[in-house]
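Asker: Quick one, what's the 3D model for this:
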Amino acid sequence: MGDKSGKYFVFLFALATIRFFSPALIPAKVFIYFYDLLFLLTIIYVMLFIKREHSNKFGFPVFLLIVSIFVSCISAYVTWGQGFFLTFKSVTYSLSYVLFFLILVLNVKIADLEKFIVIVGVVFMGVYFISFIAYPNEIFRYRFSVPGLQRGFQRIVPFGIGYMFLLSFYSLNRYFDDKKLKWLILYLLTLVFTVMTLTRTLIAVSFSLSALFILRKSSNLKKIIALVIIGLSVFYISQIKYFQQMSELTQEQGRNWESYIRVRAAKYYLTKFSPDLFTKIFGNGNPTGDSAYDNYVENQLEKKHGYFLSDLGYIGIYVVFGFFSVLALAMIIFRVIKTPVGERYLYTKYFLFFVFVTDVIIGVLFTSDYIPSIVVSLYILSKKEINEHSPETYAL
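Answerer: Sure, this is the predicted structure:
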């Protein structure tokens, strides 16, 4: 592929992983089939053109992640009797980590990736706003939704939210670099949409890391001012009915942590779920497709007891994809921490820290909404030139 065609193919594949925000007018299967086609082409292209010169500090752990997912499909077949291809089909979106190697082989420019981050992040917020206003009419399908107004207003999340969080840290980084008002406005907009998710973990982790970023980049006087503003903001937000409801729920769960459903679920999956040594090492595979395995997890564990694998973060990853997937993630986290990066690209580290911390509670690392953003951040962070100097020029 040429530079331009390769770049556009990367963008097309990255958008396909979030189903192009899944407009409701187009049948959902169209997006799935299109992704499957691009996924197959990407696998073939990477296998044909990847060379030793494309070696990368994150290459091996990302490859180990992909292998772990593949092997877990075998585990589901051998141990649970769930068809291999049925399991494989259910995890093809998680396998979109192959995008990392595609970007590596095509050597996509960082400036082009940053343009993509801004454009897709802004479009996501537009999709979110339209979906919120149109609710309960579905203009775009939701990745996640909870009917009712128990948390103050409708709780919906469209496809592709990872781009918004990456944009949040990018725009904050840009504002401190060039002090342009548009970046501050864009950052504040991402905060508004973060609150709209009505998800405590996403709100707490993103706000905390943003505060740390602001404090790190400011003089002592500005740090004091920032702390005062943050304190006043926390006080004001705490008076909003929604946050009072969330605070009461959190306090109640904290008082009863031993009976908290996630604690009980974690104990069960770690001690009783995996039937043999093979599944304890290589994972049980993803339950899917109305198989006996899927019915057991969905009906007996999730619906009856509330033991949702998706709510267990790294524990859920271990149970489904095995020990080596967790090892791969540990290697990635360690290398992200150890990789030096100039101020210009600091947003990549903060976004990755956001994902790593969030996944303790919410499984996001193997969700296609986040994988392209994770991959882009790892690629930018791994580029040798950003460790040697920090250019001040931007594409936007």
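
Asker: got the contact list for Val357?
Answerer: Applying CB atoms under 8 Å, 6 or more residues apart in numbering, one finds that Val357 lies in contact with 205, 209. Glycine gets a C-beta too; all of them are placed from N, C-alpha and C.

Asker: Please confirm that it is located within a helix.
Answerer: Yes - assessed with DSSP: H, G, I helix; E, B strand; the rest coil, Val357 lies in a helix.

Asker: residue ranges with poor pLDDT in the stretch 251-396 of the chain?
Answerer: 251-260, 384-396 (pLDDT under 70).

Asker: So which residues of it form helices?
Answerer: 261-268, 277-282, 292-295, 304-305, 314-321, 323-338, 346-358, 371-382, 384-388 (DSSP state H, counting those that start in this stretch).

Asker: what's the fourth one packed up against?
Answerer: So the one you mean is helix 304-305. helix 261-268 (3 or more CB pairs under 8 Å, 6 or more residues apart in numbering; DSSP states H and E).

Asker: wait, Leu15 sits on Val120?
Answerer: Yes - using CB atoms under 8 Å, Leu15 is in contact with Val120, at 7.2 Å.

Asker: mean confidence for the lengthiest helix in the chain?
Answerer: In the chain, taking DSSP state H as the definition, the longest helix is helix 110-134. Mean pLDDT, computed over helix 110-134, is 96.

Asker: Out of the helices of the stretch 251-396 of the chain, the one nearest Phe176 is which?
Answerer: Among those, the nearest to Phe176 by CB to CB is helix 346-358 (9.1 Å).

Asker: pull the CA atoms of that closest one into CSV?
Answerer: The C-alpha coordinates for helix 346-358 follow below in CSV (Å, rounded to 0.1, in the frame of the first residue of the first chain):
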residue,chain,number,x,y,z
LEU,A,346,2.2,13.0,27.6
TYR,A,347,-1.5,12.5,26.8
THR,A,348,-0.7,9.0,25.5
LYS,A,349,0.5,7.9,29.0
TYR,A,350,-2.4,9.5,30.8
PHE,A,351,-4.9,7.9,28.5
LEU,A,352,-3.3,4.5,29.0
PHE,A,353,-3.2,4.9,32.7
PHE,A,354,-6.9,5.8,32.6
VAL,A,355,-7.6,2.5,30.7
PHE,A,356,-5.4,0.4,33.0
VAL,A,357,-7.0,1.8,36.2
THR,A,358,-10.5,1.7,34.8
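
Asker: Pull the distance from it to the chain's centre.
Answerer: Relative to its parent chain, helix 346-358 has a centroid offset of 10 Å by CA atoms, centre = their mean, to the nearest Å.

Asker: Could you shift the numbering so residue one becomes 303, and keep it that way?
Answerer: With 303 as the first residue, the last one maps to helix 648-660.

Asker: what angle separates it from helix 616-623?
Answerer: On the basis of axes from the mean of the first three to the mean of the last three CA atoms, to 10 degrees, helix 648-660 is oriented at 80 degrees to helix 616-623.

Asker: quick one: the spatially closest residue to Ile412 that is not a sequence neighbour from Asn358, how far?
Answerer: Nearest residue to Ile412, sequence neighbours excluded (CB to CB, 6 or more residues apart in numbering): Ile682, at 5.5 Å. Computed as CB to CB, to the nearest Å, the Ile682 to Asn358 distance reads 12 Å.

Asker: where do the strands sit along the stretch 453-602 of the chain?
Answerer: 457-460 (DSSP state E, counting those that start in this stretch).
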